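Undergrad: no FASTA, just this:
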């Protein structure tokens, strides 16, 4: 059973307010600036927004693409850490990320990746709509199974 946790957002609850981006940037970079947030708000349709963060890939293409070995994956948690002393902001990791969740800071000439705030993400705490959740794949799968059964039996 995989107990590794990651962030998910419920697009039915997310209203696109951007609080998650602002509290993330304030917490990590001491600035209210959505551009340097480690969580990204994406507008899918005119009235559908969803927040995205690192999906903690098992074999992360971002880490594999870094020629300077500035990114590494923590085995126990799956979190991707960035060594700002090694990162030169080349952007290979940004291009390699299938989810577009790596952020480039032009001032520092380095990238950011969500580190889950050491297991207690501030964005989850401050999400007004309670759209963000720190969860596991097993919990998501269980929720989907229950939803499917309810639909099937019209419960």
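TA: Good, I have the coordinates. Not measured: the values here are computed from a predicted model. Residues are numbered from 1 along each chain as shown.
Undergrad: For the spatially most central residue of the chain, give its distance to residue 87.
TA: Per Cα atoms, centre = their mean, the C-alpha nearest to the average position across the chain is that of residue 53, at 1.1 Å. Distance, residue 53 to residue 87, using Cβ to Cβ, to the nearest Å: 19 Å. C-betas here are computed from N, CA, C, even on glycine.
Undergrad: ok, now residue 19?
TA: Going from residue 19 to residue 87 by Cβ to Cβ gives 28 Å.
Undergrad: Of the two, give the one with the bigger neighbour count.
TA: Using other Cβ atoms under 10 Å as the criterion, residue 19 and residue 87 rank with residue 87 on top: 21 against 17.
Undergrad: just to revisit the earlier point, is the residue nearest to the centre of the chain in contact with residue 101, as I believe?
TA: Yes: Residue 53 lies in contact with residue 101 (Cβ atoms under 8 Å); the separation is 5.8 Å.
Undergrad: which residues do these two both contact?
TA: Listed as contacting both residue 53 and residue 101 by Cβ atoms under 8 Å, 6 or more residues apart in numbering are 38, 39, 40, 114.
Undergrad: Contact partners for residue 5?
TA: By Cβ under 8 Å, 6+ apart, the neighbours of residue 5 are 77, 116, 119, 134, 135, 136.
Undergrad: Equivalent analysis for residue 35, please.
TA: Residue 35 makes contact with 25, 103, 105, according to Cβ under 8 Å, 6+ apart.
Undergrad: Could you chop the protein up by domain?
TA: Listed domain ranges for the chain are 1-53+114-155, 56-113 (source: automatic domain parsing).
Undergrad: Lowest average confidence across those domains, which one?
TA: In terms of average pLDDT, domain 1-53+114-155 trails the rest of the domains of the chain, at a mean of 91.
Undergrad: how much space between the nearest residue to residue 20 once chain neighbours are set aside and residue 18?
TA: The shortest distance from residue 20 to any non-neighbouring residue, by Cβ to Cβ, 6 or more residues apart in numbering, is to residue 123 (3.9 Å). Distance of residue 123 to residue 18, given as Cβ to Cβ: 11 Å.
Undergrad: okay, the two: which has more neighbours?
TA: More crowded of residue 123 and residue 18, by other Cβ under 10 Å: residue 123, with 26 against 15.
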